[in-house]
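1. model this:
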Amino acid sequence: KDVTSALNELNTYADQTIYNFSEMTRNVGTFTAAGIDLKTSTEAIKGIANLAAGSGSTSAQASSAMYQLSQAMASGTVKLMDWNSVVNAGMGGQLFQKALEKTAKELGHGRDMSLSFRDSLESGWITTEVLTKTLQNFANDPALVDAATKIKTVSQLFDTMKESVQSGWAISWENIIGNKDEATATLTAISNGFNNIVGKSSDARNATLQFWKENGGRAAL
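-> Now for the predicted structure:
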């Protein structure tokens, strides 16, 4: 129930924005595998997508940043290598830096301001808590939500149109096949029925071929 609710939330978000539902759901998996609870992971994914929109990054770049940040969360802190990936995705500008600094200060993890942002990362001040809290703030930032819902290119237009169609069909197929528990029962029953029919057919065919072989049919051939 919780997973379905989270997926529905991301699906609705994907319909409203320029970002891809399948990429977001895949990365929710990497966030939860890193030990982040489902609700926080869902908010963080939306926050990264909003940040990408505010930074002018593409859906693919947002997905790359989602994956890298999930790895950072698993290790407990964002280090320079992780940050370089965020920068390469076009999302490491002042918007993200200032937001992280503000959150860290609020949580008592303020960085050494005598160092550059990049050099300060080695102290580990961007903890998982600082990162997730910042991303949650991005998820609910009206300006970033607005940026994520505005279509700026033809390719983004096509992407959002595809997302809308896919969302509708996702519900259709769930009604036909069922949710996880319903699908398990239905598909297992179909598999068992098919195997029962095919098994009997195979046994009969192989018995005939065995008789044929044992009585010289193969040698004659």
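
2. now residue 93. Nearest residue, chain neighbours left out?
-> In space, not counting the residues next to it along the chain, residue 93 is nearest to residue 55; the distance is 6.0 Å by Cβ to Cβ, 6 or more residues apart in numbering. To be clear about C-beta, it is placed using only N, CA and C from the backbone, and glycine gets the same treatment.

3. give the contact list for the one you found.
-> For residue 55, the residues meeting the contact criterion (Cβ atoms under 8 Å, 6 or more residues apart in numbering) are 90-91, 93, 95-96.

4. of those, which is the nearest to residue 192?
-> Of all those, the one with the least separation from residue 192 (Cβ to Cβ) is residue 91, at 49.0 Å.

5. in TSV: the contacts of residue 55, plus distance to residue 37 and pLDDT.
-> Formatted as TSV, the entries for the contacts of residue 55 read as follows, by distance: Cβ to Cβ, whole Å; pLDDT from 0 to 100:
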residue	distance to residue 37	pLDDT
90	28	91
91	23	91
93	29	91
95	26	93
96	23	94
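
6. now these: which count as buried?
-> 90-91, 95-96 (16 or more other Cβ atoms under 10 Å).

7. can you put those residues in CSV and add distance to residue 151?
-> Listed next are the buried ones among the contacts of residue 55 as CSV, based on distance: Cβ to Cβ, whole Å:
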residue, distance to residue 151
90, 19
91, 20
95, 21
96, 23
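
8. and which of these is nearest to residue 145?
-> Using Cβ to Cβ, residue 95 is the member of the buried ones among the contacts of residue 55 that sits closest to residue 145, with 14.1 Å.

9. any idea how far that closest one lies from residue 107?
-> With distances taken as Cβ to Cβ, to the nearest Å, residue 95 is found 19 Å from residue 107.

10. got it, and residue 145?
-> To residue 107, residue 145 is 24 Å away according to Cβ to Cβ.

11. more neighbours: the two, which one.
-> Per other Cβ atoms under 10 Å, whichever of residue 145 and residue 107 has more neighbours is residue 145, with 20 against 14.
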